[in-house]
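model this:
(chains A and B)
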Protein chains: 2
Amino acid sequence: MTVLSPEDCAVFEAILGPDGVVLDRADMGAYAVAARYGAGRPAAVLRPRETSEVSRLVAHCVARGLRFIPQSGNTGLVLGSTPDNSGREVVISLERMTGALEVDPLDRTARVAAGVRLSALNAALEPHGLFLPIDLGADPMIGGMAATNTGGARFLRYGDMRRHVLGLEVVLPNAQGEVLRLSGGLRKDNSTLPLRQMFVGSYGLLGVITEVTLEVHPRPAETAAALLIPRPHAVLELLVALEAEAGETLTAFEGMSRGAMDKAFAHVPGLRNPFPNGEVPDYAVLVELTRSAPARDGQPSLDTHLESLLAGIAARDDTPLADALLGPADHLWALRHALSEGLRAAGAVVGFDLAFRRSAVFAFRAAACEQLASRFPDYQVCDFGHVADGGLHFNLLRAGGDAEAPARRAELRATVLTLAIEGFGGSFSGEHGLGRANQDTYERFVPGPVRRYSARLAGVFAEGSVGAFRLSTEP
Amino acid sequence: MTVLSPEDCAVFEAILGPDGVVLDRADMGAYAVAARYGAGRPAAVLRPRETSEVSRLVAHCVARGLRFIPQSGNTGLVLGSTPDNSGREVVISLERMTGALEVDPLDRTARVAAGVRLSALNAALEPHGLFLPIDLGADPMIGGMAATNTGGARFLRYGDMRRHVLGLEVVLPNAQGEVLRLSGGLRKDNSTLPLRQMFVGSYGLLGVITEVTLEVHPRPAETAAALLIPRPHAVLELLVALEAEAGETLTAFEGMSRGAMDKAFAHVPGLRNPFPNGEVPDYAVLVELTRSAPARDGQPSLDTHLESLLAGIAARDDTPLADALLGPADHLWALRHALSEGLRAAGAVVGFDLAFRRSAVFAFRAAACEQLASRFPDYQVCDFGHVADGGLHFNLLRAGGDAEAPARRAELRATVLTLAIEGFGGSFSGEHGLGRANQDTYERFVPGPVRRYSARLAGVFAEGSVGAFRLSTEP
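Okay, here's the model as predicted:
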């Protein structure tokens, strides 16, 4: 039973051809399953190849009052790109929107269709010595990366998608399926209100991004990495010391708790434990330095440079550095990238994508650990995060492994979120954006005026119902 | 004759005290004169000290239907912060809004009231080894810098204000004078629509920015600079070579035409001509490299590094580099900063603040020079610009010096703008923002849909009439 009439299906087929419309329940499965959480049920999956088709599909959906959900790589973690279980929501998949992929090496930009994957873009950029410096565990599509303002592990140096989006093409959810083109790839343009910015981080709620013009960067020519063990309570001091000594070459500063590292070593096959005698410290930081230009005659290698500056920091009277292990960057990143897999393998995880002023990260962490130890002693804190940007993937692993009563789990979530947001001025979605998974959190914690203006603002662009999230204004 | 009633004045004095309300025409003079163009005439100048006062002033203006114009440093160049000649517009000066100036060195941020000057912020940051890396000819206030999304000469490395604004407090132009606080200084926050972004580059049209939280950066520890003379038609190739060889240390790449340099040498007292035999080339580029971290043992100085990489570029078969003069950075910047003064002293200038995809800058420049030579031979092109970001201060100096018939001047402006915008996809306001000076250009060249959505979007926040510019939707 579907909400679609035979006429709807005929219209969709007329726009896309028969292979562009998926109605079979089994075939729709891949579009209905999110990277986390369970599966939904789409009314149909529509697979346009170009902007004009998106425009016609959107116009029809709006005219008919059908809610539609833009889906690109479907690698998000908050249920923002999959339908609910009602069978009433239409998925517009952008996976065949791969027509544009133009690199302009003099401009140092690329014009990219929404359905191009990050890996495909980087493959096209590599011959020019360029790359898009957004590093993620997944391989998303560019449209979704812009719609969710993706950050990543090298945010510290390169920033988020917003910093790289120089132009956008978007289909607005109105009865015309209006195509809006915003800023044609200019780095500087103060000749209009910054409309483009509204769509970067709009989570599919303001329309369908169909094309993006991106600033890209010279690829790293040299990389050096180390695992640092900070002295107790000195992680931020270590960060500030590195910012002062490594300057513009500092690319990543990733904190990892013993809990998270232990699970990775225990559960990820082939992962090497680099610590002396295998003794995992309470906390470690993966530091990466990169240079975009090759070393010149007489310039020490970046490894030597890193070793020297760490020796300088270690020699200080009040040093924040207890120990340092230099190693090949890919070995060290293997540990960082294994953390999620290790946790998933270890049992039932309650995860939070928190962000703070970076000076508040460890104060929150200490307060949370204390509260949890007394009220939820069966949960172990296994956090890691991009702490130089204030990001904290605060993961809690339940001893024994199995899921528990929904009410207690809800109480745990509320406890952590209240402390993070109200106690430490944090955000409940540092990177992942908005989707059905954090709908209730949004309604509870985002201030009323912000929700009210957000809904009004969405109303400027959206006549129809678009996206998996609702910009609710209820208290 | 003023539009204000005695009751209005009494309300303003009750809020601000007598010294907070300026009604005397002579005393209002400084608030009525823009950095370029002539003087307007305010109905009154209001000088609040804190956000609650701004809120009450705004509420009263909205309730009474008074248009008001937020003014911070009043260093803008497009008549965005001064009133017109009607005597009906109220100026809200933020110059006494200097209460907050808090630096958090661990967070590497500063919370700054709107009326704090850039120089005062940098003075407060210096003891922490930090600075706000937005370099301008003027010394604006932070509120205006955020409202106009200021760029500057080191945009290439550090970006614009948008990149640095992590939080905002803004008073909305509604009958409550509502105070909206957006993102409390988080680097990462994808938990709402990006409302904050709408106010960065809103030109005072959406409300009064009263406080800004900024990400700041380690101060440069080492600087090296050179004047480069590119081979003909090879400026962009030189830029790409430098991006590849200097990497993340490349901080500025400023193009200067012979016309602009000649006028500076002729008219700016004490300016040294660094070129051999004083022979000014057709085009020169000021290149700056900076390192945020001090050089370590064994690391060549940045001067040596720059010399070596320029030698490498010069030795290529197809080198884009004709000649290079290394020199103290402050001497070379003195030339760059003298260009505007030299032009003003040389005579009547028609100036444009253009921006392009950087691969289009020199194609536009060549086409414009050709058109001007045939149609406006009495004008000399004296351009300079942040060409690595596509920015081009395209200045035309009239031989003989004096002003000419307004109609021909208008024709000249239309010719250049049409070529820039319609011929080369450029912007008529790369950096300066929107004000009364470019109102007609906006209406003529910004596409109808963009103007329509901009006006609707402003309507979400603004009940009252705020700012010097009108977001017109007329064709």
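
Helices along the stretch 251-400 of chain A, start to end?
Using DSSP state H, counting those that start in this stretch, the helices found in the stretch 251-400 of chain A span residues A:258-267, A:302-314, A:329-346, A:361-375.

got a markdown table for these, with distance to chain B too?
For every residue, glycine as well, the C-beta is placed using N, CA and C. Formatted as a markdown table, the helices of the stretch 251-400 of chain A follow (distance: least, Cβ to the nearest Cβ, whole Å):
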| stretch | distance to chain B |
| --- | --- |
| helix A:258-267 | 19 |
| helix A:302-314 | 5 |
| helix A:329-346 | 17 |
| helix A:361-375 | 10 |
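
can these go into CSV with extra columns for mean neighbour count and mean pLDDT?
Formatted as CSV, these follow (neighbours: other Cβ atoms under 10 Å in any protein chain shown; pLDDT from 0 to 100):
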stretch, mean neighbour count, mean pLDDT
helix A:258-267, 21, 97
helix A:302-314, 18, 95
helix A:329-346, 19, 94
helix A:361-375, 16, 97
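
quick one: buried residues of stretch A:399-418?
The neighbour-count criterion (16 or more other Cβ atoms under 10 Å in any protein chain shown) identifies A:409, A:412-413, A:416-417 as the buried residues of stretch A:399-418.

can it be found next to chain B?
No - Stretch A:399-418 stays clear of chain B (Cβ under 8 Å from any Cβ of the partner chain), getting no nearer than 10.8 Å.

What mean pLDDT does that stretch get?
Taken as a whole, stretch A:399-418 carries a mean pLDDT of 87.

Give me the pLDDT for the residue with the largest distance to the centre of chain A.
Within chain A, residue A:298 marks the point farthest from the mean C-alpha position, 39.8 Å out by Cα atoms, centre = their mean. With respect to pLDDT, residue A:298 has a value of 79.

picking up where we left off before, nearest to chain B among the buried residues of stretch A:399-418?
Nearest to chain B among these is residue A:417, at 10.8 Å by Cβ to the nearest Cβ.

Tell me the helix or strand right after the helix or strand containing that closest one.
Assigned by DSSP states H and E, residue A:417 belongs to helix A:406-418. Later in the chain than helix A:406-418, the nearest helix or strand by DSSP H and E is helix A:424.

before we move on, the earlier item: ok, now which ones touch the residue farthest from the centre of chain A?
B:300, B:304, B:308 (Cβ atoms under 8 Å, 6 or more residues apart in numbering or on different chains).

what does the helix holding residue A:417 contact?
Looking at helix A:406-418 with Cβ under 8 Å, 6+ apart, the contacting residues turn out to be A:350, A:352, A:368, A:371-372, A:375-376, A:379, A:394, A:396, A:403, A:428, A:441, A:444-445.

In strands, which of these appear?
Among these, the ones falling in strands (DSSP state E) are A:350, A:352, A:379, A:394, A:396.

Now the first one. Nearest residue, chain neighbours left out?
It refers to residue A:350. residue A:396 (4.5 Å; Cβ to Cβ, 6 or more residues apart in numbering or on different chains).

and that neighbour, how many neighbours does it have?
Look at residue A:396: counted by other Cβ atoms under 10 Å in any protein chain shown, it has 24 neighbours.

what pLDDT does it get?
Looking at residue A:396, the pLDDT reads 96.

list the contacts for it?
A:349-352, A:372, A:376, A:379-382, A:412, A:416.
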